[in-house]
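Q: how would this look folded up:
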Amino acid sequence: MSEEQLYDYISPLWAMTMWGNKHYQIDNIIESNGMDLLRKQFANLIYGTSPIEKRWDEFRSKVKGVGPAIMSELLCKTYPDLYLLWNKKTYDGFFALEITNIPRFEARLNGHKYSQLCKIGKQILSEIKCSENKVVTDMLTLNSFIWKELQGATKESAAILKEKAKELLPTSQKDATFVHNDIRDKVAEIGRCLGFRAEVEKKVADGAVV
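A: The predicted model follows:
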């Protein structure tokens, strides 16, 4: 990967839209890290065989100037069935669903937490797939759904849900997070608010029903 290829790789990302002079920003990333390190770490993050928790934490500890928004967008666009795109809009959508223990600041998003968020994203996706919606098919289109639909419904839906469900989503620091009945009902309610037909019971894994 050359410097120009790196530019072509990350400059089109949504996470880069805030930068007017993208060449300047990417030049700073190259200067801070060196191309050898960037080649190695991008390859390991995207194509490595270690668990995502380990690859994520290694990248975060060794690469300067590339945060979770860029990392998760690259992962999501490469493997849209596996990885969640995590940015401010995703945070807002999860917050509207009253999902707890979501990282407000990038420094708190380690590999373990990102893996948990991906699992939550997959189960939200399962709920949406149960509705009449045929557009949301993976984590990338889930992000677009959150961006286009859930932001506008946030205040109204959150108010409705607070009246119907007072308990927040429980999480586990030891095991992967599974979304239980409270989030199931909240997602189904939001789906109905948006005009979709949503089921409230669906098996997504052995011993797990959402």
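
Q: Let me see the domain layout of this structure.
A: Domain assignment for the chain by automatic domain parsing gives 3-66, 88-209.

Q: where among the ones you listed is the average confidence lowest?
A: Lowest mean pLDDT within the domains of the chain: domain 88-209, at a mean of 65.

Q: first to last residue in stretch 79-92, what's the distance?
A: 23 Å (CA to CA, to the nearest Å).

Q: If you count neighbours, what's buried in stretch 49-66?
A: By neighbour count on 16 or more other CB atoms under 10 Å, the buried set for stretch 49-66 is Ile52, Arg55, Trp56, Glu58, Phe59, Arg60, Val63, Val66. Quick note: C-beta positions are derived from backbone N, CA and C, even for glycine.

Q: nope, stretch 75-95 is what I was after
A: Neighbour-count burial for stretch 75-95 flags 75-77, 80, 83-87, 89-91, 93-94 (criterion: 16+ other CB under 10 Å).

Q: Over to stretch 15-23?
A: Ala15, Lys22.

Q: Now do the helix ranked longest in the chain: which elements does it pack against?
A: With secondary structure taken from DSSP state H, the chain has its longest helix at helix 111-129. With contacts taken as 3 or more CB pairs under 8 Å, 6 or more residues apart in numbering; DSSP states H and E, helix 111-129 sits against helix 52-62, helix 139-145, helix 181-193, strand 203-205.

Q: repeat that with 10 Å
A: On a contact count with 3 or more CB pairs under 10 Å, 6 or more residues apart in numbering; DSSP states H and E, helix 111-129 meets helix 52-62, helix 68-78, helix 88-96, helix 139-145, helix 181-193, strand 203-205.

Q: Tell me which of those approaches Glu106 most closely.
A: Using CB to CB as the measure, helix 68-78 is the one of those that comes nearest Glu106, at 5.1 Å.

Q: Just want the phi and psi numbers for Ile30.
A: Ile30 adopts backbone torsions of phi -60, psi -40, taken as degrees, to the nearest 10.

Q: Could you verify my assumption that it touches Phe42?
A: No. With contact defined as CB atoms under 10 Å, Ile30 does not count as touching Phe42 (12.0 Å).

Q: so what's in contact with the two at the same time?
A: Common contacts of Ile30 and Phe42 (CB atoms under 10 Å, 6 or more residues apart in numbering): Leu6.

Q: Who has more neighbours out of the two?
A: Between Ile30 and Phe42, Phe42 has the larger neighbour count (other CB atoms under 10 Å), namely 19 against 16.
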